[in-house]
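Visitor: give the three-dimensional model of this entry:
(one chain, ligands or ions: 2)
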Amino acid sequence: MKNIKNYLEGLGVDKELVGVFGSLAEAVKKISVAVRTANTGKVGTTNSYGEEQVALDVLSNNLMIDELKKNARVGLIASEELPDEEKIGEGEYALAFDPLDGSSLVDVNFSVGTIVGLYKTKSFIGVKGDDQVASMIAVYGPRTTIFLTVKKGVAHFILNNEGEFILDKDNIQIGEGKYFAPGNLRACVNNPAYLELVNYWIKEKYTLRYSGGMVPDVNHILLKEKGVFAYPGHKDEIDGKLRLLFECAPMSLIMEQAGGASSDGKMRILEKALETLEQRTPIFIGSKSEVQRCCDMLK
Ligand code: AHM
Ligand code: MG
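Guide: Ligands and ions are numbered 1, 2, ... in the order given. As a prediction, the model looks like this:
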């Protein structure tokens with residue numbers, strides 16, 4: 001039974017990076033407890049619902065930062081919950097994260113996740129997803145799981161009763177298959193090409209697998225080793241909603257490392273240079289031919 005540390009050491013990863021993943025695993029365990037037990041507020045009024053969600057976002061963010069501050073190898077952080085990047089230490093690793101993606105789904109007990117991109121940089125401005133040295137997603141569902149890559153393939157781990165993330169599957173290989181996760185269907189109203197693409201998926205009898213959380217949706221593709229997730233923009237919101245640094249770049253690294261593809265419709269997500277921390281991008285991610293079909297139909 002291999003845990004994350006054994007797996008990384010087996011790949012010859014240096015002990016500093018192994019240590020950073022140790023801190024991330026600790027943070028994920030704490031966030032998983034928060035997701036299960038922290039007050040999400042009673043669903044009812046929009047206000048209290050909104051406030052409670054914000055509280056859980058902030059709590060997850062604090063749990064992540066507290067763990068990272070204990071690790072001397074971490075220097076810079078950027079978070080979807082912080083206005084700017086922050087130097088928290090002298091270490092060489094720079095981590096960009098969305099501590100609780102899909103937090104509006106917690107009250108209805110849907111799966112949510114954490115997303116992390118790891119770099120060695122003094123600032124995130126100007127970096128490309130290709131500059132990542134590693135990335136990770138964690139899913140908080142019936143089980144707590146982690147997908148990670150250190151650019152030597154992709155591995156999946158499941159948290160056991162003893163608090164260890166045990167290797168479930170490595171060498172994930174994305175093939176081709178008919179699963180679709182159509183984000184931002186509202187875009188069909190003024191993006192007729194997207195409506196046409198969705199109609200194609202329906203007519204060709206694709207199976208719908210869409211949860212409303214990008215992490216579980218991409219996780220589905222990684223574990224079934226096929227399918228596509230789309231989140232296009234449209235006329236009024238040209239870049240859609242999802243963020244390049246905090247969401248799209250880390251997931252794209254994992255997808256490409258698993259033999260899949262990820263594009264904004266014109267170029268690889270991983271080639272896009274970051275201009276602002278909150279920069280958004282359309283994204284089509286999953287099986288190579290499916291991503292290509294999105295690019296062809298939406299160009
Ligand atoms: P968040 O970072 O505010 O949680 O938003 C990101 C989430 C993604 O997980 C998901 O794919 C997307 O928002 C869904 O957005 P919408 O429901 O607006 O289509
Ligand atoms: Mg998010």
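
Visitor: in the stretch 101-250 of the chain, what residue comes closest to ligand 2?
Guide: Relative to ligand 2, the nearest point of the stretch 101-250 of the chain is Asp101 (3.7 Å; Cβ to the ion). For the C-beta atoms, the positions are set from N, CA and C on the backbone; glycine is no exception.

Visitor: bridge partners for that residue, pull those for me.
Guide: Per DSSP bridges, the residues bridged to Asp101 are Gly113.

Visitor: show me where this protein has its strands.
Guide: The residue ranges that make up the strands of the chain, judged by DSSP state E, are 74-79, 86-87, 93-101, 112-119, 134-140, 144-149, 154-159, 165-170, 179-182, 207-208, 228-231, 261-263, 283-286.

Visitor: what's around the closest residue to ligand 1 within the stretch 1-150 of the chain, how many residues?
Guide: Of the residues in the stretch 1-150 of the chain, the one nearest ligand 1 is Gly102, at a distance of 4.1 Å by Cβ to the nearest ligand atom. Look at Gly102: counted by other Cβ atoms under 10 Å, it has 21 neighbours.

Visitor: before we move on, the earlier item: could you dump the strands of the chain to CSV with mean pLDDT, distance to Gly22 and mean neighbour count?
Guide: Output for the strands of the chain, formatted as CSV (pLDDT from 0 to 100; distance: least, Cβ to Cβ, whole Å; neighbours: other Cβ atoms under 10 Å):
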stretch, mean pLDDT, distance to Gly22, mean neighbour count
strand 74-79, 98, 11, 23
strand 86-87, 98, 21, 12
strand 93-101, 97, 12, 28
strand 112-119, 98, 13, 28
strand 134-140, 98, 12, 27
strand 144-149, 98, 12, 24
strand 154-159, 98, 13, 21
strand 165-170, 97, 10, 17
strand 179-182, 98, 32, 22
strand 207-208, 98, 37, 10
strand 228-231, 98, 29, 27
strand 261-263, 98, 28, 23
strand 283-286, 98, 28, 30
